[in-house]
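In: Using only what follows, build the 3D model:
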Amino acid sequence: MRMTTEISGIGQTTARVESIAAHVRSRLGIDGVDAAVVLGSGWGPLLDSWPEPIARAPYDEVGLRPPVAPGHRGEIGVFEHDSQRIVVFSGRTHLFEGHGPVAVGENVRVASALGARTLVLTNANGALVPDWPLGQIMVITDHLNLTGTSPLTGGANFVDLTDLYDPALRQAMHAAAHAHGIALVEGVYAMLPGPHYETAAEARAVALLGAHALGMSTVLDAIAARAAGLRILGLSTVTAHEASGEILDPDEVVAIAEQSAARIGPAVLDVLRSAAVREA
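Out: Numbering: from 1, shown residues only. From the prediction side, this is the model:
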């Protein structure tokens, strides 16, 4: 059965999320999950080294809005590893699609409704650090929300974003990546609404604000996830250099991210396993 993907207002958000979660449980044959991953542009190959999913379905079969950005498969899958169950959202809704900030946070709210306690958010970025090579993966330490909006609406819903990107998960990610021969960097990620890429002047201005990379996603997802009580790890792949004069090609962005995602897949699985041990 296919569900409508209309969001009629904040008053219906909780009911809609619970309805989608119920469809996921029924369609994928699960009771719940322990962790969740949202795959951004080009991050699909992260799953190449994972075990085969125990179940999967297109987004529209469970009521999720199919993504429109390149490199987003629009599929939800459930994986089991060391008695841990992980739900993976292959694709996200972006603010530039025009559905509003509440819709952007829907995947992570569904993950929470399914029982996830740990969340990995991934994306592709334009780097503001010229020395970082293409394909470099950055662990997000903090963010700049330059969208002028929030996924938390409908009243005085105050949420503390201190240490939004969990320090223990960041440390575990570095250790796991090192064990697999991968060097990571850390930095601040800035989100702008898109869908246009930034001008060189805009990129330089964002760098002056303290960002190391910028893109069009993840920040609103992270805010919604913190409000839902999830621990968050953010990973971002350098796919272009901002303010460099390079012409930005969406297909090239996806191709670069795919190569890095394939390499980091085993390490991400290690981090989720270690997070489950700490939470047990």
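
In: When you work out contacts or count neighbours from here on, use the C-alpha atoms and nothing else.
Out: Will do.

In: Which stretches in the stretch 151-280 of the chain count as strands?
Out: Using DSSP state E, counting those that start in this stretch, the strands of the stretch 151-280 of the chain run over residues 185-191, 213-215, 231-241.

In: Nearest to Pro67 among those strands would be which one?
Out: strand 213-215 (16.4 Å; C-alpha to C-alpha).

In: Just give me how far stretch 136-156 sits from the chain centre.
Out: 12 Å (C-alpha atoms, centre = their mean, to the nearest Å).

In: In it, which of the residues would be classed as buried?
Out: If you call a residue buried by 16 or more other C-alpha atoms under 10 Å, then stretch 136-156 has these buried ones: 136-145, 147, 150-152.

In: Over to stretch 44-52?
Out: Buried residues in stretch 44-52 (16+ other C-alpha under 10 Å): Gly44, Pro45, Leu46, Leu47.

In: can you dump the C-alpha coordinates of that stretch into PDB?
Out: The C-alpha trace of stretch 44-52 is given here as PDB (Å, rounded to 0.1, in the frame of the first residue of the first chain):
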ATOM      1  CA  GLY A  44      25.200   4.500  -0.900                       C
ATOM      2  CA  PRO A  45      28.500   2.400  -1.300                       C
ATOM      3  CA  LEU A  46      28.900   2.600   2.500                       C
ATOM      4  CA  LEU A  47      26.700  -0.500   2.600                       C
ATOM      5  CA  ASP A  48      28.800  -2.500   0.100                       C
ATOM      6  CA  SER A  49      30.900  -4.100   3.000                       C
ATOM      7  CA  TRP A  50      27.800  -4.600   5.200                       C
ATOM      8  CA  PRO A  51      25.900  -7.800   5.500                       C
ATOM      9  CA  GLU A  52      22.900  -8.200   3.200                       C
END
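
In: Residues contacting that stretch, please?
Out: 71-73, 79-81, 90, 258-259, 261-266, 269 (C-alpha atoms under 8 Å, 6 or more residues apart in numbering).

In: pLDDT-wise, what's the bottom of those?
Out: Lowest pLDDT within those is found at Gly71 (75).

In: Adding distance to Leu95, write the strands of the stretch 151-280 of the chain out as a markdown table.
Out: Listed next are these as a markdown table, based on distance: least, C-alpha to C-alpha, whole Å:
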| stretch | distance to Leu95 |
| --- | --- |
| strand 185-191 | 10 |
| strand 213-215 | 11 |
| strand 231-241 | 18 |
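
In: Kindly reformat these as a markdown table containing mean neighbour count and mean pLDDT.
Out: Shown next, in a markdown table, are the strands of the stretch 151-280 of the chain (neighbours: other C-alpha atoms under 10 Å; pLDDT from 0 to 100):
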| stretch | mean neighbour count | mean pLDDT |
| --- | --- | --- |
| strand 185-191 | 21 | 98 |
| strand 213-215 | 26 | 97 |
| strand 231-241 | 27 | 96 |
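
In: And those strands: which comes nearest Asn157?
Out: Per C-alpha to C-alpha, nearest to Asn157 of the strands of the stretch 151-280 of the chain: strand 231-241, 18.8 Å.

In: Which of the helices or strands spans the residue nearest the centre of the chain?
Out: Nearest residue to the geometric centre of the chain (C-alpha atoms, centre = their mean): Leu121, 2.7 Å. According to DSSP states H and E, Leu121 maps onto strand 118-127.

In: Using PDB, write out every CA atom in that strand.
Out: The C-alpha trace of strand 118-127 is given here as PDB (Å, rounded to 0.1, in the frame of the first residue of the first chain):
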ATOM      1  CA  THR A 118      22.300   6.300  17.900                       C
ATOM      2  CA  LEU A 119      22.200   8.100  14.600                       C
ATOM      3  CA  VAL A 120      24.900   8.600  11.900                       C
ATOM      4  CA  LEU A 121      24.200  11.400   9.400                       C
ATOM      5  CA  THR A 122      26.300  11.700   6.200                       C
ATOM      6  CA  ASN A 123      26.600  14.200   3.400                       C
ATOM      7  CA  ALA A 124      28.900  15.600   0.700                       C
ATOM      8  CA  ASN A 125      30.400  19.100   1.200                       C
ATOM      9  CA  GLY A 126      32.300  21.900  -0.400                       C
ATOM     10  CA  ALA A 127      35.400  22.400   1.600                       C
END
